[in-house]
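Undergrad: output the structure for:
(one chain, ligands or ions: 1)
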Amino acid sequence: MSSLFSSYQLKGITLRNRIVASPMCQYQAVDGFVNDWHHVHYPMLARGGVGLLVVEATAVSAEGRITPGDAGLWADAHVDGFKRIVQGIKEGGAVPGIQLGHAGRKAGCTPPWENGKPLPKNDPRAWEPIAPSALPYMPSEPNIPRAMTLQDIHRVQQDFADAARRAAEAGFEWLELHFAHGFLAQSFLSLHANARTDEYGGSLVNRARFLIETVATVRQVWPEHLPLTVRLGVVEFDDGAAQSADEAIQVVHWLKEAGVDLVDVGLALSTPAEQVPWAPNFMVPYAERIRVETHLPVSTSWLITSASEADAFVREAKLDLVCIARSLLANPHWTFQAARELKISQPALVLPVPYAYWLQKW
Ligand SMILES: Cc1cc2nc3c(=O)[nH]c(=O)nc-3n(C[C@H](O)[C@H](O)[C@H](O)COP(=O)(O)O)c2cc1C
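TA: Residues are numbered from 1 along each chain as shown. Below is the predicted model of the structure:
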């Protein structure tokens with residue numbers, strides 16, 4: 001029977017356990033270039049014992065950054081910095097993954113600790129966001145996005161493919177496309193953000209077209225033996241929650257046909273009107289439903305903090321992988337503590353030797 005500490009194989013990649021360091025933006029890059037912050041942060045998380053580490057949302061183009069400090073892979077010159085991260089993650093025993101994204105109408109903001117709001121137009125760091133339609137996320141927002149032309153759409157899809165090629169060149173072995181959180185791909189899917197009347201708006205198949213085509217374009221350049229995954233916002237917690245959750249099942253079927261190997265089940269967050277029912281493990285039933293109805297492997301995150309509950313989700317075949325974010329910021333060795341709590345007999349399996357040697361006897 002599978003458990004939190006059983007290994008996991010997807011395509012040609014094997015994870016040492018089912019724990020994933022969920023992508024977490026650091027907002028510490030300069031012009032997309034990663035630096036010492038990232039070169040310490042990521043290897044540290046890997047040494048803590050996770051099976052897979054997914055590096056933060058990395059912009060496929062400069063205008064796709066959430067903040068000026070987002071990491072980027074829109075130029076070949078960005079690749080070298082990521083090679084060092086990959087090496088550090090591998091030395092820590094985890095599989096190196098990366099999330100590629102475009103923030104769409106949520107681009108061009110300050111980092112959360114400065115309020116996370118759009119940069120004022122007169123700020124020299126500001127830029128014009130692009131989106132399916134000229135609809136801002138907050139009705140009161142000053143920077144209204146520019147509605148994308150068909151040319152913009154095809155250019156951004158190519159940006160995803162080019163960034164994926166660079167991610168492979170940097171040595172990443174697991175790719176996640178950011179199709180959640182109200183960013184560009186999610187906003188194509190959402191009627192709150194997409195009022196287009198062409199083949200990218202209106203019906204579900206039209207609203208999903210950007211996502212499906214992007215996956216197909218990326219699949220052409222991302223190595224066949226490596227997992228291609230998406231984080232998809234599978235429910236909009238507003239009046240239409242049930243309908244959006246039903247639609248997500250259809251979208252996942254299409255994503256699977258286009259070449260997706262696993263879905264990280266996430267939040268839509270495409271309108272400020274959403275009332276998210278925050279509670280421990282609340283996204284697990286949504287993930288389980290996708291797993292059962294589409295037969296694709298799934299992971300999810302959001303308020304999963306207990307090792308025994310995480311273990312049960314894998315044992316009961318509700319999740320294939322369990323994503324952990326803030327608990328790892330609080331304690332990069334959360335995995336080691338989970339192994340201890342679950343009485344895994346050989347912590348040496350989940351920690352590098354210089355830690356494992358001491359902690360085994362401790
Ligand atoms: C500091 C921070 C940065 C985050 N950045 C990203 C990101 O880059 N991409 C993403 O999809 N989710 C991001 N998230 C969401 C996490 O991946 C995760 O889904 C969320 O924090 C819920 O997991 P948790 O309850 O274990 O923290 C971020 C969360 C935090 C706390």
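Undergrad: isn't Asp261 right up against Pro227?
TA: Yes. Asp261 is within contact range of Pro227, at 4.5 Å (criterion: Cβ atoms under 8 Å). C-beta coordinates here come from the backbone N, C-alpha and C atoms, glycine included.
Undergrad: how about the strands in this protein?
TA: For the chain, strands defined by DSSP state E occupy the ranges 8-10, 13-15, 19-21, 52-59, 95-101, 130-131, 146-147, 174-179, 228-233, 262-266, 298-300, 321-324.
Undergrad: any idea which of those strands is most buried?
TA: Most buried of the strands of the chain by mean neighbour count (mean count of other Cβ atoms under 10 Å) is strand 19-21; its value is a mean of 29.
Undergrad: what mean pLDDT does it get?
TA: Mean per-residue pLDDT for strand 19-21: 98.
Undergrad: residues touching it, excluding its own?
TA: 4, 45-46, 49-54, 94, 97, 299, 310, 321-325, 328, 334-335, 338 (Cβ atoms under 8 Å, 6 or more residues apart in numbering).
Undergrad: try it again with 6 Å
TA: For strand 19-21, contacts defined as Cβ atoms under 6 Å, 6 or more residues apart in numbering pick out Leu45, Val50, Gly51, Leu52, Leu53, Leu321, Val322, Cys323, Leu328, Thr335.
Undergrad: return the member of those residues nearest to Pro285.
TA: Using Cβ to Cβ, Val322 is the member of the contacts of strand 19-21 that lies nearest Pro285, at 14.5 Å.
Undergrad: residues contacting that closest one?
TA: Each residue near Val322 by Cβ under 6 Å, 6+ apart is listed here: Arg18, Ile19, Ile304, Ala310.
Undergrad: for the last one, the count of nearby residues, please.
TA: Neighbour count of Ala310, defined by other Cβ atoms under 10 Å: 25.
Undergrad: that one touches Asn17, doesn't it?
TA: No. Using Cβ atoms under 6 Å, Ala310 makes no contact with Asn17, being 10.4 Å away.
Undergrad: thinking again about what came up before, now distance to the ligand too, for the strands of the chain, in a markdown table please.
TA: Shown next, in a markdown table, are the strands of the chain (distance: least, Cβ to the nearest ligand atom, whole Å):
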| stretch | distance to the ligand |
| --- | --- |
| strand 8-10 | 19 |
| strand 13-15 | 17 |
| strand 19-21 | 9 |
| strand 52-59 | 3 |
| strand 95-101 | 5 |
| strand 130-131 | 18 |
| strand 146-147 | 24 |
| strand 174-179 | 6 |
| strand 228-233 | 5 |
| strand 262-266 | 7 |
| strand 298-300 | 8 |
| strand 321-324 | 5 |
